[in-house]
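Asks: Okay, here's the prediction I keep looking at, along with the sequence it came from:
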Amino acid sequence: MRLSELKNAGRTPALPMSIALADAAGPAELQLLSLLRVLPGQRYVGAGIWRGRPVLAKLLVGQKAPRHFQRERAGVQLLAAQGLTTPLLLADGLEDGEGGWLLFEFLNQAQSLGEAWTAVEHLPALADEQQAVLGDALTAVGQMHAKGLWQEDLHLDNLLRQDGKLYLIDGAGIRVEEAGKPLSRQKVLENLGVFFAQLPKSLEPFTEELLVYYLLSNGEHGLPVEALQKQIDKVRSWRLKDYLTKIGRECSLFAVKDGPFALRAIRREEEAAMLPVLDNADALIDSGHLYKTGGAASVARADVAGRALVIKRYNIKNFAHWLKRFWRPSRAWHSWREGNRLMFLGIATPRPLALLEQRFFWLRRKAYLITEHLPGPDIIERFAPYVANADAPERELQALDTLFAQLIRERISHGDLKGHNVFWQQDRWALIDLDAMCQHGSQSAFAAAFARDRARFMRNWPADSALHQLLEQRIPTVSKTLE
């Protein structure tokens, strides 16, 4: 295969494949064995064999290939020139009409710090295992900043660890201010803002403690936590907006088809499993365990291939109802968006898996939402033994404190905070039924909506019960002015 042919190979080209390349030693075949990352029609990154040696290949095609090639090679050369540890570039080339390619030494059994973090992120905030991962990352970032470089796309997957040695990768994101001289304070704050913005908010109280690892490898500047926090908040806001645009378009995270007769969105890794579920959603609802049927929505639990799913169908009751719904985004879309919002913000909710919005020349009809099933009890059932004596376990009460603190911090109102919409799952309270959820832009709008949420939540128990009185004391109220 010629390199240029990759441009039309799609997201999942057949492997293994042979690609004709050439360097100073002459032409040779790259045997591409696996793909690690694909940006269809632009970039293919995978493992292969080149001249009998294992390599990591970055293959760049399409109109943007020359620019991407130059940026990648320049970044790799900057890292190497400053003595920073990065995989060795073995061969590279750029050919008009074909594309560009870079072949790196293959780091056998290397693990990204992103993978290392996934293995420990469930532990209590800043457990020793978490501290080890983040400490290694911040040490490497400090070393890079001390040499005048920064990684524009700074995240844990751009750091590889092999036999205790840390490698900086992804030269395309490397930028330089003044090579060999420490990065300016403002650039340091901006880049660290990118790093910390990707960590769970539960780690926010430990920012200053984690900064020690960075300062030990680059103590050039004093870094006020307040100034850093402003950068973190700025990046977090941007990342959320960017993520919420991705849930409705074809990208590496989501498989999306949007047209005049349907909108279908599926988490990329769930595509093969969810397509048959969407195709048979009505039958699965009819044969499943019904939670709600008829009216504006039908909800059922369905067991598919040994996996429990919740399928919610948003019905069109009659012509008058259709006239109210056809011109605006469906409630399924709203729930899909808000479920993904909560997951991004670290607020517990069933994982949204797939969405289907039926249309007729863009006019909306029925819609379906598929999520994971939460087997845990709702808060009504969980707190039933404690209504009279208010002796609810402190773990559950603290988890409730955390949930309300998260909602207040993010200015999120649920819209229907009855007890059957709050489930106990993995030591957290999770929210379901997100049709009316809203993240508010102003404090005054949020305060009014939160007051309604709080009042609805308290009506789950008799006002004269001991549990009601306990929760009345614990659950905060919100002022319409910034506090």
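Replies: That came in fine, so what should we check first?
Asks: Got the domain ranges for the chain?
Replies: The record's domain parsing of the chain by automatic domain parsing lists 3-105, 111-231, 254-372, 379-474.
Asks: hey, least reliable of those domains by pLDDT?
Replies: Sorting the domains of the chain by mean pLDDT places domain 254-372 lowest, at a mean of 89.
Asks: picking up where we left off before, Serialize the domains of the chain to JSON lines and add fields for distance to I247 and mean neighbour count.
Replies: From N, CA and C alone the C-beta is placed, and that goes for glycine too. Formatted as JSON lines, the domains of the chain follow (distance: least, C-beta to C-beta, whole Å; neighbours: other C-beta atoms under 10 Å):
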{"stretch": "domain 3-105", "distance to I247": "18", "mean neighbour count": "17"}
{"stretch": "domain 111-231", "distance to I247": "18", "mean neighbour count": "17"}
{"stretch": "domain 254-372", "distance to I247": "5", "mean neighbour count": "17"}
{"stretch": "domain 379-474", "distance to I247": "13", "mean neighbour count": "17"}
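Asks: other SSEs contacting the longest helix seen in the chain?
Replies: Using DSSP state H, we find that the single longest helix of the chain is helix 225-246. Packing contacts for helix 225-246, counted by 3 or more C-beta pairs under 8 Å, 6 or more residues apart in numbering; DSSP states H and E, involve helix 185-197, helix 207-217, helix 331-345.
Asks: Next, the contact list for P182, please.
Replies: 145-148, 218, 220-221 (C-beta atoms under 8 Å, 6 or more residues apart in numbering).
Asks: Contacts for the longest helix of the chain, please.
Replies: 189-190, 192-194, 196-198, 204, 207-208, 211, 253-254, 337, 340-341, 344-345.
Asks: Please enumerate the helices of this protein.
Replies: Under DSSP H, the chain gives helices at 65-81, 113-118, 128-146, 185-197, 207-217, 225-246, 271-279, 281-287, 319-325, 331-345, 379-383, 394-410, 443-458, 466-474.
Asks: can you put these in JSON lines and add distance to E178?
Replies: Shown next, in JSON lines, are these (distance: least, C-beta to C-beta, whole Å):
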{"stretch": "helix 65-81", "distance to E178": "12"}
{"stretch": "helix 113-118", "distance to E178": "27"}
{"stretch": "helix 128-146", "distance to E178": "12"}
{"stretch": "helix 185-197", "distance to E178": "10"}
{"stretch": "helix 207-217", "distance to E178": "18"}
{"stretch": "helix 225-246", "distance to E178": "21"}
{"stretch": "helix 271-279", "distance to E178": "46"}
{"stretch": "helix 281-287", "distance to E178": "58"}
{"stretch": "helix 319-325", "distance to E178": "58"}
{"stretch": "helix 331-345", "distance to E178": "36"}
{"stretch": "helix 379-383", "distance to E178": "57"}
{"stretch": "helix 394-410", "distance to E178": "38"}
{"stretch": "helix 443-458", "distance to E178": "42"}
{"stretch": "helix 466-474", "distance to E178": "54"}
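Asks: of all the ones you listed, which lies closest to G99?
Replies: Smallest distance to G99 across the helices of the chain (C-beta to C-beta): 4.2 Å, for helix 65-81.
Asks: Off-centre distance for the closest one?
Replies: Distance of helix 65-81 from the chain centroid (C-alpha atoms, centre = their mean, to the nearest Å) equals 27 Å.
Asks: now the angle from that helix to helix 128-146?
Replies: 100 degrees (axes from the mean of the first three to the mean of the last three C-alpha atoms, to 10 degrees).
Asks: Does helix 65-81 pack against any helices or strands, and if so which?
Replies: Applying 3+ C-beta pairs under 8 Å, 6+ apart, one finds that helix 65-81 contacts strand 53-60, strand 89-95, strand 99-105, strand 174-176.
Asks: ok, and what's touching that helix?
Replies: Outside of helix 65-81, the residues within contact range by C-beta under 8 Å, 6+ apart are 42-43, 58, 60, 86, 89, 92, 94, 99-102, 144, 149, 168, 170-176, 179.
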